[in-house]
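[1] everything below, folded, please.
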Amino acid sequence: MSHIHPTALVDPGARLAPDVRVGPFSIVGADVSIGAGTIVGAHVEIQGRTRIGRDNRILGHCSLGGVPQDKKYGGEPTELVIGDRNTIREYCTINLGTVQDGGVTRIGDDNWIMAYVHVAHDCAVGNHTVLANCVQLAGHVVIGDWTTLGGFTGVHQFVRIGAHVMAGISSVLTQDVPPFLLLGGSPATPHGINAEGLRRRGFVPERIAVLREAYRRLYRQGLGLDQSMDALATLRRERPDSDGDVEALMTFIAASRRGILRP
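    Numbering: from 1, shown residues only. Have a look, this model is predicted:
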C-alpha cells in the first residue's frame with residue numbers, strides 16, 4: 001500500500017495490483033479493480049463496477065464509473081470496462097452502462113483521451129483512437145479503431161463511427177460515419193478519405209487508390225444509396241486485392257440503422 005497517497009480513500013474491497021499508484025485526495029470504490037502499472041492522479045474518483053486494465057495513466061480530476069446520465073437508470077449493477085495502456089487526461093467523465101444496452105461502457109486499448117472528454121453510458125470506444133479536448137459522446141455511441149475526433153466534436157446518441165475516420169474540430173455527428181472518411185462541419189459532411197491517416201498506418205498507395213474510388217462511387221456520382229452499394233459491389237469484384245476494405249465499407253453501411261453521413 002506504499003503507492004497509495006495517505007490522503008487517498010481506497011475502499012478495502014477494491015482490487016488493486018501491488019504497483020498501482022493512487023494520487024492525493026483520490027477515491028476508489030469497493031467494486032473497482034485496477035491492473036498492474038496503472039497510475040491514478042490526484043483528485044480522481046473511480047466508482048461503480050469499474051474494471052481498469054494495465055499501464056493506464058489517469059490524470060487529475062477525472063470521474064470514472066459514475067452513475068449514467070439516464071433517467072431510466074435504477075441502480076442496476078452495470079459496468080465500465082477500460083483496457084490497457086490508455087491515457088485519460090484531466091477532467092474526463094466516463095459513465096457506467098445501462099441495462100437497456102448490455103450494461104457495459106467499454107474503452108479499448110491504447111487510446112488517447114484528452115481533457116474534458118465525456119463518454120456517456122453504453123458507449124464502445126475501440127483501440128488506438130484519439131478523442132481531442134472536449135469531445136462529447138452521447139449514450140450508445142460506437143467508435144471504431146484508429147479514429148480521431150477533433151476538439152469539441154459532438155456525437156449524437158446511437159451513432160456509429162467506422163475505423164480510420166478523421167473528424168475536424170467542432171464537428172457535429174448525427175448519422176453513422178462509414179470507415180476511412182475525412183469529415184467536418186456542423187452538421188458534418190464528408191470531405192474525402194482520411195488518406196494521410198491511412199498512409200501513417202501503412203496503407204500502400206494502391207490500397208488508398210481503391211478507397212478513393214470507393215468514395216467517388218459512394219459520394220460523387222449523384223447516386224442513391226442502393227445504387228451506390230451496387231457500384232461498390234462492382235468495385236469489390238473488380239479489385240479483389242483491396243484487403244477487404246470495400247467489403248468493410250459495404251458491411252458497415254448495410255448495418256446502419258440511423259443512415260450514413262451524406263452530403
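
[2] what's the neighbour count on the closest residue in space to Pro179 that isn't next to it in sequence?
    Using C-beta to C-beta, 6 or more residues apart in numbering and skipping residues adjacent in sequence, the residue nearest Pro179 is Gly162, 3.0 Å away. Yep, even glycine has a C-beta here, placed from its N, CA and C like the rest. If you count neighbours by other C-beta atoms under 10 Å, Gly162 ends up with 25.

[3] contacting residues for the spatially most central residue of the chain?
    For the chain, the residue nearest the mean C-alpha position is Val125 (2.8 Å; C-alpha atoms, centre = their mean). Going by C-beta atoms under 8 Å, 6 or more residues apart in numbering, Val125 touches Arg106, Ile107, Gly108, Asn111, Val119, Leu131, Leu137, Ile143.

[4] the fifth one against Asn111, yeah?
    Read it as Val119. No. Taking contacts as C-beta atoms under 8 Å, Val119 lies outside contact range of Asn111: 10.2 Å.

[5] now list whatever residues contact both of these two.
    Common contact partners of Val119 and Asn111 (C-beta under 8 Å, 6+ apart): Val125, Leu131.

[6] distance of the closest residue to Asn127 other than its chain neighbours from Asp19?
    Excluding its sequence neighbours, the residue lying closest to Asn127 (C-beta to C-beta, 6+ apart) is Gly108, at 4.1 Å. Distance of Gly108 to Asp19, given as C-beta to C-beta, to the nearest Å: 22 Å.

[7] higher neighbour count, those two?
    Gly108 (21 against 12).

[8] how about the contacts made by that one?
    Contacts of Gly108 by C-beta under 8 Å, 6+ apart are Gly83, Asn86, Val125, Gly126, Asn127, Thr129, Asp145.

[9] what's the burial count for the first one?
    Applying the criterion other C-beta under 10 Å, we find 21 residues in the vicinity of Gly83.

[10] my guess is it contacts Asp109, does it?
    Yes. Gly83 lies in contact with Asp109 (C-beta under 8 Å); the separation is 4.0 Å.

[11] mutual contacts of those two, please.
    In contact with both Gly83 and Asp109: Gly53, Asn127, using C-beta under 8 Å, 6+ apart.

[12] and the contacts of Gly108 as a markdown table, adding pLDDT and secondary structure?
    As requested, the contacts of Gly108 are exported to a markdown table (pLDDT from 0 to 100; DSSP: H, G, I helix; E, B strand; the rest coil):
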| residue | pLDDT | secondary structure |
| --- | --- | --- |
| Gly83 | 98 | coil |
| Asn86 | 99 | coil |
| Val125 | 98 | strand |
| Gly126 | 98 | coil |
| Asn127 | 98 | coil |
| Thr129 | 98 | coil |
| Asp145 | 98 | coil |
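
[13] which two of those have the greatest separation?
    Asn86 and Asp145 (13.4 Å; C-beta to C-beta).

[14] between the two, tell me which one has more neighbours.
    Comparing Asn86 with Asp145 by other C-beta under 10 Å, the one with more neighbours is Asn86, at 24 against 18.

[15] ok, Pro178 to Arg89 distance?
    On the measure of C-beta to C-beta, Pro178 and Arg89 end up 29 Å apart.

[16] those two: which has the busier surroundings?
    Neighbour tally, Pro178 and Arg89, criterion other C-beta under 10 Å: the higher count belongs to Pro178, 27 against 20.

[17] quick one: pLDDT of the more buried one?
    Here, the pLDDT recorded for Pro178 equals 98.

[18] domains for this structure, by residue range?
    Following automatic domain parsing, one gets these domains for the chain: 9-140, 198-254.

[19] which of the residues in stretch 177-197 are buried?
    By 16 or more other C-beta atoms under 10 Å, the buried positions in stretch 177-197 come out as 177-184, 188, 190-195, 197.

[20] fine, thanks again, bye for now.
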